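In: Pasting the sequence and the predicted model now:
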Number of protein chains: 2
Amino acid sequence: MLRAGFFQFRPVFGKINHNLAKVSNALKNVHGALIVLPELPFTGYYFQSREELQMMAEEVPNSSTIASLIALCKENSLHIVTGFAEKGKDRLFNSALLIGPQGVIHTYRKLHLFDKEKIWFDAGDIPLQTQTVLGIKIGMMVCFDWIYPEVTRVLTLQGADIICHPSNLVLSYCQATMISRCIENNIFTITANRFGTDKRPHGEVRFTGKSQIVAPKGKLIYRAPVQQEKLYLTEIDVALAREKKITEVNDIITDRRPGFYGQVCKKT
Amino acid sequence: MLRAGFFQFRPVFGKINHNLAKVSNALKNVHGALIVLPELPFTGYYFQSREELQMMAEEVPNSSTIASLIALCKENSLHIVTGFAEKGKDRLFNSALLIGPQGVIHTYRKLHLFDKEKIWFDAGDIPLQTQTVLGIKIGMMVCFDWIYPEVTRVLTLQGADIICHPSNLVLSYCQATMISRCIENNIFTITANRFGTDKRPHGEVRFTGKSQIVAPKGKLIYRAPVQQEKLYLTEIDVALAREKKITEVNDIITDRRPGFYGQVCKKT
């Protein structure tokens, strides 16, 4: 059994230390769990320009934000999956980090950028990979990746038991589709969304909450309210994600017919 | 605009002529439309054995059932997508046929067999293909194919505007997932399910109705009741399926990153 959950909250744009303190405070009494945070939870989302993002983005792992999260993981025996504005060499990525007591375990760089993110960020350049933590295989994806079934599929084929999904959702389609992802892959997913509005001089963006945890067969374990801070934790039986049979003779993974799927992988 | 719909009904097991008359009668006043029928609507579903199926299956196009359907298409300027128990050379397929006034336009053989279908049928051996009818690109899949996002994806990449989906559903997961398929591919889907029970000496199987038509962005146009005969027709604006942009800078198809999807197509 894995203790896992999410923290849905309202980051304040540009107030990295404030947002970090908010997270640290929320998790101070949580021990021995996997926690998923929203996309870009420390910087906020609605940047004015690539230049503005550049000033706020940090390197992995040379970042005071990451150092604080590692300290929190050590103190409370946590693993955290969090969105992160990552500064690479001349490049900027909308990333998700898997962090544990020993440090940053893996960085995922968002493959499918949404709307103005294409101005601010560079598209991800690292293959999808799962990481094994305490015997559990964890996959990561970020927000708009949800609309591409290939993302959850590749992670499932790599053995993902649970996919952690930091998000800053503005549309309403994602939550129901993540239930389909859990049906078609028989995995757990944790979508950690933010709520509130980034009000900036150039406009504003409102986020839609409803963070959720879904189990294999598409069973919705919990969905948070729209505009409400929420730390939610539950016990996950990872064995449920490893049994891919849905009838005595149907294993949804080995029954696949990849010989007929060629176009899905064809570069255009 | 395309006039399209489905006929949900209760086939009687083994009574091919009775079931054919039922369909013909339902469509006698329908003109100039694309109609989707359930999976195996003429034979029924719950075979006792492969041998029993073999006695009922027919060749394509040398079949009196197909001849009647072609005559109906001619008479009423229809196109019909129907499930069909297909007898090939020494093999049996759970097929879908696209039939028009000129004859059988295409045969699709179900790629993903469900449960005891693995005893009765051989798995499909023909690549997924779309067909152009009256300027509209039509894709076909059968029932359990719904759980494999690769099927609708390949058909979408071939330009499918509308996917016709003859079904004999027994589980309750499909309808919601087909909405996700329409969101992730921005296409129309018509799922034609049957209702009623195949009561046989060796047991029985109950089917779950709720045939539906879904539009791009996952908009549910109509869903039928569970246990009720229903002919449903609507006007479909195919142009909606050809606009793949969901923001000014996001086209959900060209934004795909196939270079990162390789495992989806890898034969194991």
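Out: Yep, it's here.

In: Just the element for A:Leu40, please.
Out: Counting by DSSP states H and E, there is no helix or strand that carries A:Leu40.

In: can you list contacts of the helix or strand of chain A with the lowest mean pLDDT?
Out: Ranked by mean pLDDT, DSSP states H and E, the weakest helix or strand in chain A is strand A:245-247, scoring a mean of 95. With CB atoms under 8 Å, 6 or more residues apart in numbering or on different chains as the test, strand A:245-247 has contacts from A:Asn186, A:Asp251, A:Ile252, B:Phe114, B:Asp115. Just so you know, the C-beta spots here come from the backbone N, C-alpha and C atoms, and that holds for glycine as well.

In: Only the buried members of the residues you listed: can you turn that into a ChimeraX selection?
Out: Remark: buried members of the contacts of strand A:245-247, expressed as a ChimeraX selection using 16 or more other CB atoms under 10 Å in any protein chain shown:
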select /A:186,252 /B:114
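
In: quick one: which of the contacts of strand A:245-247 sit in strands?
Out: Assigned to strands by DSSP state E, the following of these qualify: A:Asp251.

In: Can I get the contacts of strand A:245-247 in a markdown table including distance to B:Gly262 and pLDDT?
Out: Output for the contacts of strand A:245-247, formatted as a markdown table (distance: CB to CB, whole Å; pLDDT from 0 to 100):
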| residue | distance to B:Gly262 | pLDDT |
| --- | --- | --- |
| A:Asn186 | 22 | 98 |
| A:Asp251 | 22 | 98 |
| A:Ile252 | 20 | 97 |
| B:Phe114 | 28 | 98 |
| B:Asp115 | 31 | 98 |
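
In: re earlier: name the residues of the least confident helix or strand of chain A that are buried.
Out: Residues of strand A:245-247 classed as buried: A:Ile246 (neighbour count, 16+ other CB under 10 Å).

In: And for stretch A:23-41?
Out: Across stretch A:23-41, burial judged by 16+ other CB under 10 Å covers A:23, A:26-27, A:30, A:33-41.

In: Closest one to B:Arg206 out of the residues you listed, please.
Out: Ranked by distance to B:Arg206 (CB to CB), the buried residues of stretch A:23-41 are led by A:Val36 at 39.5 Å.

In: In JSON lines: the contacts of strand A:245-247, plus distance to B:Arg223.
Out: Putting the contacts of strand A:245-247 into JSON lines (distance: CB to CB, whole Å) gives the following:
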{"residue": "A:Asn186", "distance to B:Arg223": "25"}
{"residue": "A:Asp251", "distance to B:Arg223": "30"}
{"residue": "A:Ile252", "distance to B:Arg223": "25"}
{"residue": "B:Phe114", "distance to B:Arg223": "22"}
{"residue": "B:Asp115", "distance to B:Arg223": "24"}
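
In: Can I get the helix or strand containing A:Ser68 as CSV, trimmed to CA atoms?
Out: A:Ser68 is part of helix A:64-76 when elements are defined by DSSP H and E. Extracted C-alpha coordinates of helix A:64-76, given in CSV (Å, rounded to 0.1, in the frame of the first residue of the first chain):
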residue,chain,number,x,y,z
SER,A,64,16.9,27.1,-3.3
THR,A,65,13.3,26.0,-4.0
ILE,A,66,14.4,22.4,-4.7
ALA,A,67,16.8,22.5,-1.7
SER,A,68,13.8,23.3,0.6
LEU,A,69,11.7,20.6,-1.0
ILE,A,70,14.5,18.0,-0.5
ALA,A,71,14.8,19.1,3.1
LEU,A,72,11.0,18.6,3.6
CYS,A,73,11.2,15.2,2.0
LYS,A,74,14.1,14.2,4.3
GLU,A,75,12.3,15.5,7.4
ASN,A,76,9.0,13.8,6.7
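
In: Just give me how far it sits from the chain centre.
Out: 18 Å (CA atoms, centre = their mean, to the nearest Å).

In: Please work out how many residues are found near A:Gln131.
Out: 18 (other CB atoms under 10 Å in any protein chain shown).

In: Look up phi and psi at it.
Out: Here is the backbone geometry of A:Gln131 (degrees, to the nearest 10): phi -130, psi 140.

In: if we can go back for a sec, now, which of the contacts of strand A:245-247 sits nearest B:Gly88?
Out: B:Phe114 (19.5 Å).

In: How confident was the prediction at the closest residue in space to that closest one that isn't next to it in sequence?
Out: Spatial nearest neighbour of B:Phe114, excluding adjacent residues (CB to CB, 6 or more residues apart in numbering or on different chains): B:Phe144 at 4.0 Å. The model reports B:Phe144 with a pLDDT of 98.
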